[in-house]
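J.: Sequence and predicted structure, then a few things I'm wondering about:
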2 protein chains.
Amino acid sequence: MQLQEGKERFIEAWGTLGSSWGVTRTMAQIHALLLVSTTPLSSDDVMEKLQISRGNVNTNMRMLVDWTLAHKKLIPGERKEFFVAEKDMSKVVKSIVIARKKRELEPMLRLLDDLTEVEGKDEEAEGFRHVVKDLKLYSDKADSALDALIKVDSNWFFSTFLKMLK
Amino acid sequence: MQLQEGKERFIEAWGTLGSSWGVTRTMAQIHALLLVSTTPLSSDDVMEKLQISRGNVNTNMRMLVDWTLAHKKLIPGERKEFFVAEKDMSKVVKSIVIARKKRELEPMLRLLDDLTEVEGKDEEAEGFRHVVKDLKLYSDKADSALDALIKVDSNWFFSTFLKMLK
DNA sequence: ACCCACTTTCAGTCTTTAGTGAAAGCTATG
DNA sequence: CATAGCTTTCACTAAAGACTGAAAGTGGGT
C-alpha cells in the first residue's frame, strides 16, 4: 500500500470509528489528519484536505484542544494559528480515557448515589436497592480502575497488568 | 424518595446515559424497566409503561436479548412472550464489555493491521508506520485486558486489579 | 484610529438515526 | 386447515445532531 493511500484510509476509517466512540466523524478525521501530518496545519489546510467548512473546523479543532489531543503551534512570521496533534500515544490514551470517563461513567455514579435513598421495607424496595447497590459497586470499581490508569504511566500500567493475567 | 419515583428516575436516567454509551435511549430504558421489574414483562407491558410503539419495543427487545442483557421467559398458559433482565451485575458488565469491544475496539484492530503494510523508506512513511504501530500496541493491550476481564470472574478481577494499584 | 487577517459564533439547513404503525408472517389451537 | 393471537418487518415520518456560511468579533500592524 502506498503512503498516500494509507493516510487516506486512516483518516477515513478513524472518522467512522469515531462515531462508535462517541465523537463526531469530523473531529476524529481532523485528529487523524493531524496525527499523520508531519507539519502543523492551519484551519485552511484542514478545510481543504477534508473539504469541510471553516466553522466546522473551528468547532472541532477546539474540541480536540479541549480533549488535549491537539494544541496550537504558533509559527514565527505567520498570523494564522497552526495545530499539531499529541503524538505520544500513552498521552492520547490518557486523554481519551479522561474524557470518556467524564461523559460515560461520572453521570452514572451521581445517579446511583441519588437512588440509594429510596424508602420502603418491602421486598420490592429491597430489590430495587439491591440493583442500585450492585451497579454502584461495579461503577465504583471501574471508577477507581480508570483513575489508576490515568495516574500511572501507561506503559507501566499495561505491562504490570498483563503480567498479572498470565 | 419513594420507590415509584426512584424507578422512574432510574428508567429516565438510564435512557439518557444510554446515548452516551452508544445504545439508544429506548433500548436502555427497556433494560432499566426490566431491571427494576419484579415480574417478567410482555411487549404490551413495555409499550404501555414507556409509551412507545410495538415495532420499537420488538426491535430493541431483540437487541437486549442479542446482548444477553435480557431473555425470553415463557409463562405457562400465556401465548405472549415475556422478558426478564439478567440481574447478576457481573454478567451484565461482561455482556456490555463484550458488545462494546466488538463495536469499538475490533474494527480498529483490523484497520491498524491493514495499515502496517504501507510502503516507503522516507521519514514520512516511517512516521506513519510509527503512529500505526503505537496505536496497535495500545489497542492490542486493551484487547488482551478486556479479554481477560471477560473471562475471569469479575470480583476476582477487580479486587486483584485494585490491590495491584495500591 | 483604522484596516486587514484572521477566529468565533450561530441561525438555518442538511444528514443521519430512531421510532411509528400498518401489513405481512408465524404458530398454537379448535 | 382456518383462524385468532401474537411477532416481525419495513416504508415512511419525526427527532436529533452535525455542518455551513455569512456576519460579528478580535487584535496586531501601520
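T.: That came through, no problem. Numbers count the residues shown, from 1 in each chain, chains lettered A, B, ... in the order given.
J.: how about the helices in chain A?
T.: Assigned by DSSP state H, chain A shows helices spanning A:3-20, A:25-35, A:43-50, A:54-66, A:89-100, A:106-115, A:123-151, A:154-165.
J.: is the second one anywhere near chain B?
T.: Yes: contact between helix A:25-35 and chain B is present through A:L35 (criterion: Cβ under 8 Å from any Cβ of the partner chain). C-betas here are computed from N, CA, C, even on glycine.
J.: does any part of that helix sit near DNA strand C?
T.: No: Helix A:25-35 stays clear of DNA strand C (Cβ under 7 Å from any atom of the strand), getting no nearer than 7.9 Å.
J.: Residues in contact with that helix: which ones?
T.: Contact with helix A:25-35 is made by A:10-12, A:14-19, A:21, A:41, A:46, A:49-50, A:52, A:56-57, A:60-61, A:63-64, A:69-70, A:83-85, A:87, B:131, as judged by Cβ atoms under 8 Å, 6 or more residues apart in numbering or on different chains.
J.: Kindly give a single ChimeraX line that selects the buried subset of those.
T.: Buried residues among these (16 or more other Cβ atoms under 10 Å in any protein chain shown), as a ChimeraX selection:
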select /A:10,11,14,15,17,18,21,41,46,49,50,56,57,60,61,63,64,69,70,83,84,85 /B:131
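J.: before we move on, back to that, want to try TSV for the helices of chain A, with mean pLDDT and distance to DNA strand D as columns?
T.: Formatted as TSV, those follow (pLDDT from 0 to 100; distance: least, Cβ to the nearest atom of the strand, whole Å):
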stretch	mean pLDDT	distance to DNA strand D
helix A:3-20	95	8
helix A:25-35	98	4
helix A:43-50	98	8
helix A:54-66	98	2
helix A:89-100	93	14
helix A:106-115	96	14
helix A:123-151	92	22
helix A:154-165	53	27
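J.: right, and those - which one's nearest B:L105?
T.: Of all these, it is helix A:3-20 that lies closest to B:L105, at 9.4 Å by Cβ to Cβ.
J.: Good, wrapping up.
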